[in-house]
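In: What would the 3D arrangement of this be:
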Amino acid sequence: MTFFSTCRACGGEYSERFDQASYRYGICKNCGSISKILTQEEYKNLNISYDPGAFIDKIDDENWRDRLHIDDYKRHLAPLVARIQRKRPREKLRLLDIGCGMGGYLLAAKDLGLHAQGVEPSQSHSSLGRDRFNLDIKTAYFSKEDYAGETFDIIILWHVIEHIFEQRQFLQDVYSVLRPGGVILVATPNAASTVAKLTGRNWSMLRPVDHVGLLTPKAFPYISPPASTISITTGEYMWEPAISIAGAMRNRVERIGGGGAQGDSFRDTVSRVNDSTIIKAAAVVLSLPVYLYDRMSSRASGILCKIEKP
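Out: Numbers count the residues shown, from 1 in each chain. Purely as a prediction, here's the structure:
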């Protein structure tokens, strides 16, 4: 039985432990990461659901590109593609999206002229990407053995790392299929964010049952491969603080009442907010003070880390 009594990211001691939704969590006093305290066997037995539900019906409407965030992803990718392409002007760059869902990032990559592959454990998500968009998506969890002899210029981990039990080993495995000069792009919730600190144990990112390792910017030097170069920024949607705080209030009510199911994914939340102009406008107004503070203090809700291989 593998049990971690210290932070799985940096090895530090927990400064605080708390219970939430039948699980125990620890806050690392060194890097500030929040870890779900469980054994590896318990992690493997978590009751995880990746069912996209009613979201599937919405991708056939005229706003499907917005629902899959393709233009947002292109804005993240384009500068990175341009920088790597300057080093390899005659080559078609290769991208791998690990945990690609229905393939939003793959569609963005193809729009930019990349060769794009994805791997996704959800049968419903991956089959939809293959059938609806003719994408190259393998239904599986990532394993470096599946890519023996292959390397990629860009690897995407978009809201994936928080689901991983042993993050350091996982990133090392991903790094092994990264081409020299390539970049791993990691996006994940920020456990050091203003919203996380304000909402505490009711933080909405603790709600999904398989969010087992919520990181801070300070944690990334510990989990990134030793030979890599990393750069870290934080960011958030203008409406995000208000929506996150509202979600925390709901979590608090449900915790008192003993109810509540597994939380919604971040992508589903984004889609619902984007569906409602009124909700989005109200959330922007309510979020503005926190949003402006976060921009000045680098304590926004999301972390974006670039891990480069020399």
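In: pLDDT value on the closest residue to Asp71 other than its chain neighbours, please?
Out: In this structure, Asp71 finds its nearest non-sequential neighbour in Arg65, 6.7 Å apart by CB to CB, 6 or more residues apart in numbering. C-beta coordinates here come from the backbone N, C-alpha and C atoms, glycine included. Looking at Arg65, its pLDDT stands at 77.
In: again, but for His125
Out: Looking at His125, its pLDDT is 89.
In: element containing the residue nearest to Asp71, please.
Out: Using DSSP states H and E, Arg65 falls within helix 64-67.
In: Show me what counts as buried in that helix.
Out: Neighbour counts using 16 or more other CB atoms under 10 Å place Trp64, Asp66, Arg67 of helix 64-67 among the buried residues.
In: what do you get for stretch 64-79?
Out: Neighbour counts over stretch 64-79 (16+ other CB under 10 Å) mark Trp64, Asp66, Arg67, Leu68, His69, Ile70, Asp72, Tyr73, Lys74, His76, Leu77 as buried.
In: In JSON lines: those residues, plus distance to Glu308.
Out: Output for the buried residues of stretch 64-79, formatted as JSON lines (distance: CB to CB, whole Å):
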{"residue": "Trp64", "distance to Glu308": "33"}
{"residue": "Asp66", "distance to Glu308": "30"}
{"residue": "Arg67", "distance to Glu308": "31"}
{"residue": "Leu68", "distance to Glu308": "27"}
{"residue": "His69", "distance to Glu308": "24"}
{"residue": "Ile70", "distance to Glu308": "25"}
{"residue": "Asp72", "distance to Glu308": "22"}
{"residue": "Tyr73", "distance to Glu308": "19"}
{"residue": "Lys74", "distance to Glu308": "20"}
{"residue": "His76", "distance to Glu308": "15"}
{"residue": "Leu77", "distance to Glu308": "15"}
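In: Which of those residues sits closest to Lys29?
Out: His76 (32.6 Å; CB to CB).
In: For the stretch 201-310 of the chain, which segments count as helices?
Out: Taking DSSP state H, counting those that start in this stretch as the test, the helices found in the stretch 201-310 of the chain are 220-223, 240-257, 266-275, 277-297.
In: Mind telling me which of those the model trusts least?
Out: For the helices of the stretch 201-310 of the chain, the weakest mean pLDDT is recorded on helix 266-275, namely a mean of 50.
In: the longest strand in the chain is where?
Out: In the chain, with assignment by DSSP state E, the single longest strand is strand 178-189.
In: Quick check: buried residues in the next helix or strand after that strand?
Out: Next along the chain after strand 178-189, taking DSSP H and E as the criterion, comes helix 194-199. By neighbour count on 16+ other CB under 10 Å, the buried set for helix 194-199 is Thr194, Val195, Ala196, Thr199.
In: Verify the contact between the last one and Ser244 for me.
Out: It stands for Thr199. Yes. In this structure Thr199 lies within contact range of Ser244 using CB atoms under 8 Å: 6.9 Å.
In: and Gln169, what helix or strand is that in?
Out: Assigned by DSSP H and E, Gln169 falls within helix 167-175.
In: Which elements pack onto that helix?
Out: strand 178-189, helix 220-223 (3 or more CB pairs under 8 Å, 6 or more residues apart in numbering; DSSP states H and E).
In: Need the residues that contact it.
Out: 8-9, 98, 142-144, 155, 157, 161, 164, 184, 213, 215, 222-225, 228, 307, 309 (CB atoms under 8 Å, 6 or more residues apart in numbering).
In: Just those: which are in strands?
Out: In strands, defined here by DSSP E, the members of the contacts of helix 167-175 are Ile98, Ile155, Leu157, Ile184, Gly213, Ile307.
In: List the contacts of the first one.
Out: Residues touching Ile98, when contacts are defined by CB under 8 Å, 6+ apart, comprise Gly118, Val119, Phe142, Ile155, Ile156, Leu157, Val160, Val174.
In: With neighbour count as extra columns, can I get the residues you listed in CSV?
Out: Formatted as CSV, the contacts of Ile98 follow (neighbours: other CB atoms under 10 Å):
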residue, neighbour count
Gly118, 27
Val119, 20
Phe142, 21
Ile155, 24
Ile156, 26
Leu157, 24
Val160, 19
Val174, 24
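In: between the helices and strands packed on helix 167-175, which one is nearest to Glu13?
Out: Between Glu13 and these, the shortest gap by CB to CB is with helix 220-223, which sits at 14.0 Å.
In: picking up where we left off before, out of the helices and strands packed on helix 167-175, which gets nearest to Ile303?
Out: Judged by CB to CB, the one of the helices and strands packed on helix 167-175 that comes nearest to Ile303 is strand 178-189, at 5.2 Å.
In: Alright, that wraps it up for me.
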